[in-house]
Structure formats: C-alpha cells, structure tokens
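**Student:** Sequence below, structure please.
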Amino acid sequence: MMWLLVLSCVSLVDLSHEESMKQTSVTNLSCVLYHVTAMNCTWNTGLNPPEEYFLYLNFNQKEEECPNSIPNEHGQHICHIDYVSPDKESVTATLKKLVNQSWVPFFTKDFKLYEIEILRPPQNITVSCNEKTSECIVKWSHPPNKRNVSSESCFVYEIKDEAGNTVKGITDTYKVYPADQKHTLQIRASGKYCTITNRKGEWSERIEFGYDPNTFPTIYLILVVFGTIVTILGLFILCKRLRIWQKLTDPIPQPNLILDPDENTGKAWVDLTQTADEKITLVEEMTSSCKKHGGLSSTSQLS
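**Tutor:** Numbering: from 1, shown residues only. Below is the predicted model:
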C-alpha cells in the first residue's frame, strides 16, 4: 500500500509541474515578412508567466535583440523590425530569459525569409473597355517579392468579385469581363512552383468598372427634375411680368340691365318693346309711301 501512496504523490507532483509548464511555456512563435523589407514576429507566453522573455534575431550569424517588442493584454508579444536587408536569406529567432544575471535560450526557431513573405498586391492594374465588343479586359503584373522573381509562371492569382464570383488559380495576368455588367474586383497573388512564398498575398484596392443595365439612370432623373423646375420658374416669372395671371382672374362684367333683380326691370322691358314697335311702324309707313310714289311714277311713264 505504501508504494501506491508514493506513486500517487509522484504523479501529483508531475501533473502540477506539467500544469505550471503549460502556463509559463512559450507557444506560437511565428514571423512574417511583408512589404519586402519589414518583419513582425509574435509569440505567446501563457497566462501567468513568472519570467519575462526577450526575442533575439540572428541574420547571417549576427544576433541582435528585437528593437521594438510590445506586449498586449492577451499574453501575446509582438516584435517589429522596420528593415531587413534584401541580401538576408534566413533568420533564427530565439527567445531568451534572464537566469542568474545571464540570458539563457529557451526556445529557438529557424525561418527562411522567402517562405514567410506575404506578397504585396499585383502591380499596374488597368481596365480597358471596348464598346464594339462590349468587353472589358483587366490586366496586371506580378507583385514585388523578396527574391525578385519575375517569371509569370511562378505566380498564381485569385480574383474576388463582390457579386459573389471568386475565381482562383489564374496563372494569366489578364481576364475578360462583359462590359454590360457592374464589376467590383480585388486581386491577390501567391507563389507557385518557384522558390517563393505560397502564402496568400494582400488584396489589391477595389477596382470598379462596367455598368448595370437594370439600374435606373439617376443622371437622367436629375436632369428631368432640374428642367421641370427651371420651366416652372420661367413660366411664373413670365406670367408675373406680363400680368397674365391678373388678366385671367379679372371678374367678367355682368349685364346689370337684364340680370339685376331691380324693380324697374319690367318697365325697362316695356319701354324697349314700345321703342321697337315704333321703329317697325315707321319703317312700314315709309315702305308704304315708297310703294305709292313708285306706282305714280310708273303711271306717269305709261301715259
């Protein structure tokens, strides 16, 4: 029974030691090269590290301490190097801690710089559209890289369209799109076959071209509204200048003699009737007298 008790105590000691090592050990040490000459290295030091670790970088047998090391609240440390000489091919990253007044290596990892490089976006991106063929051609060139690889066969490209059509594995440096559609693209590169990184590179800025035939022509709507407003203002000013509106709204004169409900209306009608009769009688009398005289003249001529 005693040996079982001793074995249990030893097991508990080992487990507590392993647990403390998990909390204090360094994990996820990684480095990336970007923009050809800049580099970042990151690592985690666990939840409760009892010692502070420092990163040393060895480029071609020349070891230097990281000039800019910044911890964050998540237990991660970031080392930034502004410039890495293009003639450097590899780097050895070593994490050290201070023990008894001396720096003791704790964790070491080697990196080939071209393998950890993140490529910049493709360069010289251009779009040319042809109205006759209703096609647009997007062209680009390979991105700059650590080893100055220029062969197009060493790169593969990925094109992301905001419409949801993502094209991968393009080895050409151009692609044709229909011009009667709206396109918003981004392009990125990665290495293939050659001594160049196979990591996904940075996306390019958004490229917009083409048009959407179903979209309402906003410019025409603006012109129509503007033209309508100008026309209305012009008519308003013209009407005000010529007083057309006043003329159109002037009251129509009323026939007071006939339409006025006056007590003398009946008398007026009688007077008008009598006057008319008198004129008619006068005309009839004149006509009769003319006939008589005419008759006399005829008689005289006959005799």
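**Student:** hey, what's the spatially closest residue to Glu65 that is not a sequence neighbour bridged with?
**Tutor:** Distances taken as Cβ to Cβ, 6 or more residues apart in numbering place Tyr56 nearest to Glu65, at 5.4 Å, with adjacent residues excluded. C-beta here means a position set from N, CA and C on the backbone, and glycine is covered the same way. Counting by DSSP bridges, Tyr56 is bridged to Glu65, Thr94.
**Student:** Tyr56 reaches Pro67, doesn't it?
**Tutor:** No - using Cβ atoms under 8 Å as the test, Tyr56 is too far from Pro67 to be in contact (11.2 Å).
**Student:** Those two - which one has more neighbours?
**Tutor:** Higher neighbour count among Tyr56 and Pro67: Tyr56, with 17 against 10, using other Cβ atoms under 10 Å.
**Student:** on that earlier part again, what does the pLDDT read for the residue nearest to Glu65?
**Tutor:** Predicted confidence (pLDDT) for Tyr56: 92.
**Student:** Contacts for the host helix or strand of Cys41 next, please.
**Tutor:** Element membership for Cys41, per DSSP states H and E: strand 38-44. Strand 38-44 is contacted by residues 26-34, 53, 55, 57, 66, 75-84, 91, 93, 95, 107, 113 when judged by Cβ atoms under 8 Å, 6 or more residues apart in numbering.
**Student:** Next SSE downstream of the lowest-mean-pLDDT helix or strand in the chain?
**Tutor:** The weakest-scoring helix or strand in the chain, judged by mean pLDDT, DSSP states H and E, is helix 2-24 (a mean of 38). Using DSSP H and E, the helix or strand that follows helix 2-24 towards the C-terminus is strand 27-34.
**Student:** quick one: contacts of that following strand?
**Tutor:** So strand 27-34 is contacted by 39-44, 46, 84, 91, 93, 95, 107, 109, 111, 113-114, 116-118, 120, 146, 202 (Cβ under 8 Å, 6+ apart).
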